[in-house]
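[1] Here is my input; please provide its structure:
(4 chains)
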Number of protein chains: 2
Amino acid sequence: MQLDKLVNYYKALSDRNRIRILILLAKEEMNGLTLAEKLGVTPATITHHIAKLKAVGIVMERREKNASIYRVSQYLLEQNDGALVNLMKEQQNMSDNDNEQHRDKHEKMRESVLKSFFTPDQTLKQIPSQLKKKLIALEFMVQNLEIGKKYSEKEINEYIQTFHPDYATLRREFIMHQYMFRENEVYELNPREMWAKWQNL
Amino acid sequence: MQLDKLVNYYKALSDRNRIRILILLAKEEMNGLTLAEKLGVTPATITHHIAKLKAVGIVMERREKNASIYRVSQYLLEQNDGALVNLMKEQQNMSDNDNEQHRDKHEKMRESVLKSFFTPDQTLKQIPSQLKKKLIALEFMVQNLEIGKKYSEKEINEYIQTFHPDYATLRREFIMHQYMFRENEVYELNPREMWAKWQNL
DNA sequence: CATTTAATTTAACAATCATCTAATTAGATA
DNA sequence: TATCTAATTAGATGATTGTTAAATTAAATG
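    As a prediction, this is how the structure comes out:
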């Protein structure tokens, strides 16, 4: 049955150390001992995890001397599972250094936007027109809403007005950029952290 | 940390009954008791699973009267995870009847191809030129290879020749259509059942 | 052949998890 | 208010799973 194959695939990926293995292997192929050392676990543990990853065909093995060298299967990298692949590609194309620089740059941008568009008492002086800056402002305002809580339109309007009088525009922006979703007149925070990062914002 | 979010996402999907819930909800939204009955489990079990699915934001809830009505989140359906979404869409767009008909049709096609292109002692009379028929023949020939076993080129050639003298062409076809992969002169069966189905062959 | 390096197996342990029963809460209805 | 329906909670149970230490296998090297 079809269904169980899919479940097994997810099972194979539903362990922290197995994902870490995939991320490491996406950067460069390596043998079991190296993996064990990088993850801080026993070789036996690596054997265990690799077996599961091989069983669903997302890791391949090649023998060299007396060692096994592991790598992620081409098919995974090429076709499947956006979330995982993008996470791996990130790690692959970006050196740690680049990664840090990128984070730094974004963080600086963020600070500067928050400083220039918000007053010290957190009211929004003006809605940024530049997309990236606008997103930073929206994200900032949304972050005090409760995850899973349902808000009436009235509550949302009131909340938004603590930042800016034009609640109608901002409410629309929240929906449009998927920071919130609406249904049956009820507004709710979108748990978008789930997929925000690997959508190449 | 980013990584754990992804792991949690996979954890949420790595249970048979949770996937079944998603498939059911993709067809139509429904309440907890109905789900319980359809899956043959206790309402308490449904509560348990729904909680996990909600925690990662792929199921949403709405209250109606004294019941909770669940549905899959739009974001999952729109953007994410090809494998799961395609499985759900299949179930969604196809009535059970259609599904059966489709399977029947394919099965008939398969029988006819095997009958007309292979002799009773399983030698291939001629390589089908029509893609669909060719794939059926390739799949048929490949199915006696062992999963995970490594074959030398010589072994593969010999194996293929039990079906057809033109091993060079067929070996190339196996690779091209990804029934096998080659690396360092070693051939191996591709565990492609993993993703074959949801690639819309 | 003895040694070293790498991987696997086995058995054990602790933690997590799916499921159930039974009790409880909450809303709707008569 | 009493009753019915739906969902949740709490606790218990059994199964699965991640991890390790220790023993073993296998290949390479001196």
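
[2] can you tell me the average pLDDT over the helix or strand that residue A:173 is a member of?
    Using DSSP states H and E, residue A:173 falls within helix A:167-176. Across helix A:167-176, the average pLDDT comes to 83.

[3] Can you name the element that comes right after it?
    Counting by DSSP H and E, what follows helix A:167-176 is strand A:180-183.

[4] May I ask you to confirm that residue A:141 belongs to a helix?
    Yes - under DSSP: H, G, I helix; E, B strand; the rest coil, residue A:141 sits within a helix.

[5] Chain neighbours aside, what residue packs nearest to it?
    Using CB to CB, 6 or more residues apart in numbering or on different chains and skipping the chain neighbours, the partner closest in space to residue A:141 is residue A:163 (5.2 Å). For every residue, glycine as well, the C-beta is placed using N, CA and C.

[6] Quickly note the distance from that neighbour to DNA strand D.
    32 Å (CB to the nearest atom of the strand, to the nearest Å).

[7] What score does that residue have for pLDDT?
    Residue A:163 is given a pLDDT of 90.

[8] Give me the contacts around the helix holding residue A:173.
    A:127, A:134, A:138, A:141-142, A:153, A:156-157, A:160-161, A:163-164, A:180-182, A:187 (CB atoms under 8 Å, 6 or more residues apart in numbering or on different chains).

[9] List the buried residues of stretch A:107-123.
    Using 16 or more other CB atoms under 10 Å in any protein chain shown as the test for burial, stretch A:107-123 gives A:110, A:113, A:117-118.

[10] will you turn the residues you listed into CSV that also has secondary structure, pLDDT and distance to residue B:51?
    Formatted as CSV, these follow (DSSP: H, G, I helix; E, B strand; the rest coil; pLDDT from 0 to 100; distance: CB to CB, whole Å):
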residue, secondary structure, pLDDT, distance to residue B:51
A:110, helix, 84, 33
A:113, helix, 88, 37
A:117, helix, 89, 38
A:118, strand, 90, 36
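
[11] among these, which are within reach of DNA strand D?
    Among the buried residues of stretch A:107-123, no residue is within reach of DNA strand D (CB under 7 Å from any atom of the strand).

[12] Dump the residues you listed into CSV; add distance to DNA strand C as well.
    What follows is these, written out as CSV (distance: CB to the nearest atom of the strand, whole Å):
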residue, distance to DNA strand C
A:110, 33
A:113, 38
A:117, 41
A:118, 38
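
[13] now these as JSON lines including distance to chain B?
    Below are the buried residues of stretch A:107-123 laid out as JSON lines (distance: CB to the nearest CB, whole Å):
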{"residue": "A:110", "distance to chain B": "17"}
{"residue": "A:113", "distance to chain B": "22"}
{"residue": "A:117", "distance to chain B": "27"}
{"residue": "A:118", "distance to chain B": "26"}
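
[14] Now do stretch A:61-80, average pLDDT.
    For stretch A:61-80, the per-residue pLDDT averages 76.

[15] per-residue pLDDT, residue A:146?
    Looking at residue A:146, the pLDDT reads 71.

[16] neighbours around it, how many?
    Neighbour count for residue A:146, taken as other CB atoms under 10 Å in any protein chain shown: 9.

[17] Look up how far chain B lies from it.
    Residue A:146 sits 14 Å away from chain B, going by CB to the nearest CB, to the nearest Å.

[18] what about that residue, which SS state?
    coil.

[19] go on, residue A:17?
    helix.

[20] Hmm, residue A:38 and it touching each other?
    No - Residue A:17 is beyond contact range of residue A:38, at 10.5 Å (criterion: CB atoms under 8 Å).

[21] Quick one: buried ones out of the contacts of helix A:167-176?
    A:127, A:134, A:138, A:141-142, A:156, A:160, A:163-164, A:180-181, A:187.

[22] where's residue A:130 relative to residue A:109, distance?
    Remark: distance between residue A:130 and residue A:109 (CB to CB, to the nearest Å) = 11 Å.
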